[in-house]
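Trainee: The following block contains a protein sequence and its predicted model.
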Amino acid sequence: MLKRELKDVTKEDFGKQVGLTTVDKVKFRIPTIAGVMRAMALVTLTSQEEARRACEGRVVRRA
């Protein structure tokens, strides 16, 4: 995702926007280096089953 896509997005709303229902924690890693546009979201889920489905459905990269 791009840095500009995270503007005004709260951590609580992020899980809902992605379609995840068992979000425990969300942490954004936003680069501070000029010219770097890619950001990363680290999401902790309380359901292992939802993590597996999200990984298989390509919603998340690793679970």
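Mentor: It's in.
Trainee: Over to R52. Which of the three states is it?
Mentor: Following DSSP: H, G, I helix; E, B strand; the rest coil, we place R52 in the helix state.
Trainee: distance between stretch 32-47 and the chain's centre?
Mentor: Distance, stretch centre to chain centre, for stretch 32-47: 7 Å (Cα atoms, centre = their mean, to the nearest Å).
Trainee: Between the two ends of that stretch, how far is it?
Mentor: One end of stretch 32-47 to the other measures 32 Å (Cα to Cα, to the nearest Å).
Trainee: what sits up against it?
Mentor: 1-6, 14-15, 18, 20-31, 51, 54, 60, 63 (Cβ atoms under 8 Å, 6 or more residues apart in numbering). C-beta: built from backbone N, CA, C; applies to glycine.
Trainee: buried set for that stretch?
Mentor: Within stretch 32-47, the residues that count as buried by 16 or more other Cβ atoms under 10 Å are A41, V43, L45.
Trainee: ditto for stretch 9-22
Mentor: Judged by neighbour count (16+ other Cβ under 10 Å), stretch 9-22 contains these buried residues: F14, G15, L20.
Trainee: which stretch of helix or strand covers the last one?
Mentor: Assignment of secondary structure by DSSP states H and E places L20 within no helix or strand.
Trainee: In this structure it contacts R53, no?
Mentor: No - the pair formed by L20 and R53 falls short of the contact definition of Cβ atoms under 8 Å, at 9.6 Å.
Trainee: sorry, back to before: got TSV for the buried residues of stretch 32-47, with pLDDT and distance to T10 too?
Mentor: As requested, those are exported to TSV (pLDDT from 0 to 100; distance: Cβ to Cβ, whole Å):
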residue	pLDDT	distance to T10
A41	84	12
V43	86	14
L45	89	17
